[in-house]
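Participant: Fold the following and give me the result.
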Amino acid sequence: MSTGHYDFVIVGGGSAGCALANRLSADPGNRVLVLEAGRSDFRVDPFIHMPAALTIPIGNRLYDWRYESDPEPHLNGRRVYHARGKVLGGSSSINGMIFQRGNPLDYERWANGKGMEDWDYFHCLPYFKRMETCLAGADQWRGGSGPLKLERGPADNPLFGAFFEAVQQAGYPLTDDVNGYRQEGFAKFDRNVHRGRRLSAARAYLHPVMDRKNLKVETLAFVTAVRFAGNRATGVDYLRAGRAHRTVSAGEVILCGGAINSPQLLQLSGVGNADDLRALGIDVVSDLPGVGQNLQDHLEVYVQYASKQPVSIAPGLKMTARPRIGYEWLFHRRGLGATNHFEGGGFIRGNDAVDYPNLMFHFLPVAIRYDGSLPAEGHGYQVHVGPMYADTRGHVKIRSRDPREHPSLLFNYLSTTSDRKEWVEALRVSRQILNQPAFEPFNAGELSPGPGVQSDEEILDWVRRDAETALHPSCTARMGLDENAVVDPATMRVHGVEGLRVVDASVFPFIPNGNIYAPVMMVAEKSADLILGHTPMAAVDVPSYRHRDQMPLYPPGDPRNGPVAVPQEGGAP
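Facilitator: Coordinates of the predicted model:
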């Protein structure tokens, strides 16, 4: 059954797909279709829209693709669970709502690749600003009129106060804004929460324009293949509600399925490593060995402490408290239901050999795992911590011609010497911070990993047993012009074919040093201009902190720098 012709068919109504749908359909001459395999993000669904309910959709088949890695050889053969959003808004409808751009030097690293010169920080910054309304205040680094309204966490629990005091006692600075002039340091975090509700990409970009006559959004539309005539993409095949077979033709097909779904669909459609495809009986459209390779992610652990004082949010997580919390959120959009709890943290250099922060911290005023489980009764607190630039690389590979079968995912966590070294640093720095005098009124002892874990090998054994993904898979269809690149950075077109583009986290050449939602949205904003043939926004000239350049702690001209700007190092003392 055919469903007509569109100028653009966007495969995936997740973070990037929602932004592209908005920007591409702004021209009434473009007919745009969005195909989302998951369900709608119904406005009455509290599991999506209540920020504190973020643990409920994860692992639920109604919201989550429920991926699982292959046995990881360096994690004792463990399979690592990977939640990915299977709902309108994609992972932005089920994630932790933390908004971080990454370090400016991440994009300088991107720009070092052949053909990537216009993806440096100064070319990307205008798009970061275009997409956001920073409610803490717009300036030369932050936007003030974009669709993503960003609230800064209040971090008013006394445990946050102890944390921010402790990092300074440990020798690390505070910063005004991890997304502004200086990322290095600790601060309250920006969040995709507005007026007590999750502000997903669907709510920010898609729902405000759903009445456009040239835009159609179909949910429960599972794309099974890209159709080709020769080497030109002409449309897609998909299943409607798991049964009805449908075909749609397109002037352009844009894959926005993310770092797992997009390479999977490319391979199913004949774009990938030719030998692997032929072995599965798939006709080769374009031999691109880089499809599905270069898989990167952030692994993290929970360093947890018990609290002597009853100040954590643990009581609010009990079943008996949920009716009151639900009432406060539903009718007043306030209380524990109105926060993601990830209200503060920071970025530091775990050693003085690195040029910019390689460790990320999220602080929580409760001892809890991402799935909502508690390690012990009573009050506690924790940091989520992990290295940001592991030199491990993995893959996404289809196992068969069946699009419903999850692909092989192998991340190769802890497979390199440098990655293991940084893991030891991560735990030692975490303990250094959490055992400072500022925590003395609260510190009732370490829960996880526990005082019995001390040596380097004991630390690594614990990481092998306990670490979980931070849910940042990326880089599996990377931009570039070399032989292993998949996407042209000037057009977002897939090399070797016509009429097919990819816009999502898979096109990153390297993973940034933070949560990846903001970089995904930046890529989508910039890609919209490239796809529409608009002149890209001009690079901006703003200062950004680089400790080796002896930059001042605060932006140039800030009176807090004093009469002479003396740089403050952010590495381990």
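Participant: top helix in the chain by residue count?
Facilitator: helix 417-434 (DSSP state H).
Participant: Counting neighbours, which bits of it end up buried?
Facilitator: By neighbour count with 16 or more other CB atoms under 10 Å, helix 417-434 contains the buried residues 419-420, 422-427, 429-434. Every C-beta, even on glycine, is put in place using the N, C-alpha and C of the backbone.
Participant: Check stretch 14-27 too.
Facilitator: For stretch 14-27, the neighbour count (16+ other CB under 10 Å) marks Gly14, Ser15, Ala16, Gly17, Cys18, Ala19, Leu20, Ala21, Asn22, Arg23, Leu24, Ser25 as buried.
Participant: Pretty sure the first one sits against Ile94.
Facilitator: Going back to what we said before, that points to Gly14. No. Counting by CB atoms under 8 Å, Gly14 does not reach Ile94; the two are 10.3 Å apart.
Participant: Find residues that contact each of these two.
Facilitator: Residues touching both Gly14 and Ile94 (CB atoms under 8 Å, 6 or more residues apart in numbering): Gly85.
Participant: Show me what the helix or strand of the chain with the lowest mean pLDDT is packed against.
Facilitator: Here the helix or strand of the chain ranked lowest by mean pLDDT, DSSP states H and E is helix 322-332, holding a mean of 83. Counting contacts by 3 or more CB pairs under 8 Å, 6 or more residues apart in numbering; DSSP states H and E, helix 322-332 packs against helix 46-49.
Participant: Name the nearest residue to Gly344, sequence neighbours excluded.
Facilitator: Using CB to CB, 6 or more residues apart in numbering and skipping the chain neighbours, the partner closest in space to Gly344 is Ala155 (4.2 Å).
Participant: While we're on that neighbour, how confident is the model there?
Facilitator: Ala155 is assigned 95 on the pLDDT scale.
Participant: how deep is it tucked in, by neighbour count?
Facilitator: For Ala155, the neighbour count with other CB atoms under 10 Å is 20.
Participant: And Gly533, by the same measure?
Facilitator: For Gly533, the tally of surrounding residues (other CB under 10 Å) stands at 7.
Participant: Could you do the one 3 residues further on as well?
Facilitator: Using other CB under 10 Å, the number of residues around Pro536 comes to 13.
Participant: and Asp275, that's in a strand?
Facilitator: No. Counting by DSSP: H, G, I helix; E, B strand; the rest coil, Asp275 falls outside a strand, being helix.
Participant: Look at it and report its pLDDT.
Facilitator: At Asp275, pLDDT is 97.
Participant: quick one: Ala259 is in a helix?
Facilitator: Yes. Under three-state DSSP, Ala259 falls within a helix.
Participant: one step back: can you list the buried residues in the least confident helix or strand of the chain?
Facilitator: Going by neighbour count (16+ other CB under 10 Å), the buried part of helix 322-332 is Ile325, Gly326, Glu328, Trp329.
Participant: average model confidence for stretch 378-385?
Facilitator: pLDDT averaged over stretch 378-385 gives 94.
Participant: Would you mind confirming that Thr392 is in contact with Asn412?
Facilitator: Yes. Counting by CB under 8 Å, Thr392 touches Asn412, with 4.6 Å between them.
Participant: ok, those two, which is more surrounded?
Facilitator: Neighbour comparison, Thr392 and Asn412: the larger count goes to Asn412, with 22 against 19 (by other CB under 10 Å).
Participant: mind listing the helices in this protein by residue range?
Facilitator: Under the criterion DSSP H, helices of the chain are mapped to 15-24, 46-49, 104-111, 121-130, 158-169, 201, 258-268, 274-279, 322-332, 417-434, 456-466, 517-532.
Participant: Which among those is found nearest to Ala477?
Facilitator: Ala477 lies closest, by CB to CB, to one member of the helices of the chain: helix 258-268, at 5.4 Å.
Participant: Give the other helices and strands that the closest one contacts.
Facilitator: When contacts are defined as 3+ CB pairs under 8 Å, 6+ apart, helix 258-268 packs onto strand 221-229, strand 244-255, strand 394-397.
Participant: and the angle from the first one to helix 258-268?
Facilitator: If you take axes from the mean of the first three to the mean of the last three CA atoms, to 10 degrees, strand 221-229 sits at 40 degrees to helix 258-268.
Participant: Pull out the buried residues from strand 221-229.
Facilitator: Within strand 221-229, the residues that count as buried by 16+ other CB under 10 Å are Ala221, Phe222, Val223, Thr224, Ala225, Val226, Arg227, Phe228.
Participant: need those in TSV with distance to Arg243 and pLDDT, can you?
Facilitator: Shown next, in TSV, are the buried residues of strand 221-229 (distance: CB to CB, whole Å; pLDDT from 0 to 100):
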residue	distance to Arg243	pLDDT
Ala221	12	97
Phe222	10	97
Val223	15	98
Thr224	12	98
Ala225	17	98
Val226	21	98
Arg227	20	98
Phe228	25	98
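Participant: thinking again about what came up before, please write out the alpha-carbon positions of the least confident helix or strand of the chain in PDB.
Facilitator: C-alpha atoms of helix 322-332 as PDB (Å, rounded to 0.1, in the frame of the first residue of the first chain):
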ATOM      1  CA  ARG A 322       3.800   9.000  46.000                       C
ATOM      2  CA  PRO A 323       0.100  10.100  46.200                       C
ATOM      3  CA  ARG A 324       1.100  13.400  47.900                       C
ATOM      4  CA  ILE A 325       3.900  14.000  45.400                       C
ATOM      5  CA  GLY A 326       1.600  13.100  42.500                       C
ATOM      6  CA  TYR A 327      -1.000  15.600  43.800                       C
ATOM      7  CA  GLU A 328       1.600  18.400  44.200                       C
ATOM      8  CA  TRP A 329       2.900  17.800  40.700                       C
ATOM      9  CA  LEU A 330      -0.400  17.300  38.900                       C
ATOM     10  CA  PHE A 331      -2.200  20.300  40.400                       C
ATOM     11  CA  HIS A 332       0.700  22.700  41.200                       C
END
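Participant: Off-centre distance for it?
Facilitator: 29 Å (CA atoms, centre = their mean, to the nearest Å).
Participant: Provide the contact partners of that helix at residue level.
Facilitator: Residues from elsewhere that reach helix 322-332 (CB under 8 Å, 6+ apart): Pro46, Met50, Ala52, Gly196, Gly316, Arg334, Gly335, Leu336, Gly337, Ala338.
Participant: Please work out how many residues are found near Pro147.
Facilitator: Residues near Pro147, counting by other CB under 10 Å: 21.
Participant: Could you report the pLDDT at it?
Facilitator: As predicted, Pro147 sits at a pLDDT of 98.
Participant: Spit out the contact partners of it.
Facilitator: Shown in contact with Pro147 (CB under 8 Å, 6+ apart): Asn22, Met131, Thr133, Ala204, Tyr205, Pro208.
Participant: what's the distance between the last one and Ser145?
Facilitator: The gap separating Pro208 from Ser145 is 14 Å, by CB to CB, to the nearest Å.
Participant: And for the fourth one?
Facilitator: Distance check for Ala204 against Ser145: by CB to CB, it reads 13 Å.
Participant: again with the third one
Facilitator: Relative to Ser145, Thr133 is positioned 6 Å away (criterion: CB to CB).
Participant: Please say which of these two ends up with more neighbours.
Facilitator: Ranked by neighbour count (other CB under 10 Å), Thr133 and Ser145 place Thr133 first, with 18 against 9.
Participant: ok, for the more buried one, nearest residue in space, not its chain neighbours?
Facilitator: Spatially, and ignoring its direct neighbours in sequence, Thr133 is nearest to Lys149 (4.6 Å; CB to CB, 6+ apart).
Participant: do you know how far the spatially most central residue of the chain is from Asp391?
Facilitator: Computing the C-alpha centroid of the chain and ranking residues by CA atoms, centre = their mean puts Ile516 first, at 2.6 Å. Distance of Ile516 to Asp391, computed by CB to CB: 18 Å.
Participant: Same check on Ser93?
Facilitator: Noted for Ser93: a distance of 32 Å to Asp391, by CB to CB.
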